[in-house]
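J.: no letters, just coordinates:
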């Protein structure tokens with residue numbers, strides 16, 4: 001089982017727009033998602049695939065993680081995999097995932113390509129986007145489909161459209177929470193926030209949504225505008241107060257265990273193993289992993 005990656009912020013960039021690619025790794029995002037799917041017109045997809053190697057090298061030059069979102073349909077997906085499975089790609093983003101068998105089939109294809117190209121086995125992870133009611137009903141199996149799966153998120157616009165609703169908080173809270181539960185159960189990274197991914201104009205509202213997401217248990221998100229990146233990085237990172245509390249919990253836990261105690265008091269509250277696990281996660285987040 002691979003450890004979940006530390007991706008607070010993943011910025012979508014159309015894979016066919018060179019001026020966006022040129023500045024993509026200067027935005028401060030933990031990762032850049034080169035999009036071959038919705039952001040690229042059908043006529044531009046061949047050129048976008050042909051330019052992937054150059055884009056991957058340029059974006060990853062400063063250590064920024066490079067991800068590639070592939071298409072869902074069989075024919076474009078096959079072409080995307082041939083182009084995207086290459087050195088320097090950290091993960092593939094799979095849109096419109098609806099069942100675990102599909103994830104396993106993609107994972108097997110990636111493994112074959114890694115072997116043929118001399119790439120480290122398992123080096124390219126999978127980030128899953130669930131975007132339909134059917135997918136939400138099968139989340140537990142989807143999230144645990146394969147060890148190569150690193151993270152999962154809801155596609156709020158597609159999900160709302162499939163539901164016949166609008167992408168607001170009332171529509172999106174329940175499926176986002178279901179994604180969070182499935183991710184935690186599978187031991188993978190939960191990504192997302194309760195809101196529309198396309199609504200980036202009101203940054204104060206976006207900050208509030210990210211704060212809520214972190215309180216719920218999400219640890220990062222995908223965004224479409226560079227102005228959102230700094231907010232994500234700030235709000236998804238532990239505060240100094242969080243870190244101070246976590247360190248004191250871990251130190252007190254070590255002292256309690258040395259005395260044969262499984263629970264103890266700190267700051268007037270009872271601390272037991274679940275609280276210690278939360279403190280350990282905060283410390284791990286502060287270290288970037």
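T.: Cool, got the structure. In this text the structure is predicted, and so the values were computed from the model without any measurement. Numbering: from 1, shown residues only.
J.: now do the helices in this protein.
T.: Using DSSP state H, the helices of the chain run over 18-23, 45-50, 52-60, 74-84, 100-117, 133-137, 139-143, 156-163, 169-186, 203-216, 229-236, 240-258, 273-286.
J.: any idea of the mean pLDDT in the first one?
T.: In other words, helix 18-23. What helix 18-23 shows for mean pLDDT is 95.
J.: about what we covered before: of all the helices of the chain, which one comes closest to residue 32?
T.: Of all the helices of the chain, it is helix 52-60 that lies closest to residue 32, at 5.0 Å by Cβ to Cβ. Every C-beta, even on glycine, is put in place using the N, C-alpha and C of the backbone.
J.: and that closest one, how far from the chain's centre?
T.: Remark: helix 52-60 is offset 20 Å from the chain centroid, using Cα atoms, centre = their mean, to the nearest Å.
J.: same check on stretch 276-285?
T.: 19 Å.
J.: next: stretch 109-128.
T.: On Cα atoms, centre = their mean, the centre of stretch 109-128 falls 18 Å from that of its chain.
J.: so for stretch 29-44, what gets flagged as buried?
T.: In terms of neighbour count (16 or more other Cβ atoms under 10 Å), stretch 29-44 has its buried residues at 29, 30, 31, 32, 33, 34, 35, 36, 37, 39, 40.
J.: can you name the two of these that sit furthest apart?
T.: The widest separation within those (Cβ to Cβ) is 22.7 Å, between 30 and 40.
J.: now the helices of the chain in JSON lines, with mean neighbour count and distance to residue 68?
T.: Converted to JSON lines, the helices of the chain look like this (neighbours: other Cβ atoms under 10 Å; distance: least, Cβ to Cβ, whole Å):
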{"stretch": "helix 18-23", "mean neighbour count": "14", "distance to residue 68": "12"}
{"stretch": "helix 45-50", "mean neighbour count": "16", "distance to residue 68": "10"}
{"stretch": "helix 52-60", "mean neighbour count": "19", "distance to residue 68": "7"}
{"stretch": "helix 74-84", "mean neighbour count": "17", "distance to residue 68": "4"}
{"stretch": "helix 100-117", "mean neighbour count": "16", "distance to residue 68": "11"}
{"stretch": "helix 133-137", "mean neighbour count": "17", "distance to residue 68": "21"}
{"stretch": "helix 139-143", "mean neighbour count": "21", "distance to residue 68": "20"}
{"stretch": "helix 156-163", "mean neighbour count": "18", "distance to residue 68": "19"}
{"stretch": "helix 169-186", "mean neighbour count": "18", "distance to residue 68": "21"}
{"stretch": "helix 203-216", "mean neighbour count": "17", "distance to residue 68": "24"}
{"stretch": "helix 229-236", "mean neighbour count": "19", "distance to residue 68": "19"}
{"stretch": "helix 240-258", "mean neighbour count": "15", "distance to residue 68": "33"}
{"stretch": "helix 273-286", "mean neighbour count": "16", "distance to residue 68": "26"}
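J.: okay if I get the ones you listed as a markdown table plus distance to residue 149?
T.: A markdown table is the format used below for these (distance: least, Cβ to Cβ, whole Å):
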| stretch | distance to residue 149 |
| --- | --- |
| helix 18-23 | 27 |
| helix 45-50 | 24 |
| helix 52-60 | 21 |
| helix 74-84 | 16 |
| helix 100-117 | 7 |
| helix 133-137 | 14 |
| helix 139-143 | 7 |
| helix 156-163 | 19 |
| helix 169-186 | 7 |
| helix 203-216 | 20 |
| helix 229-236 | 20 |
| helix 240-258 | 27 |
| helix 273-286 | 19 |
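J.: low pLDDT regions in the stretch 151-289 of the chain?
T.: 287-289 (pLDDT under 70).
J.: hmm, back to that, now, which of the buried residues of stretch 29-44 lie within strands?
T.: 31, 32, 33, 34, 35 (DSSP state E).
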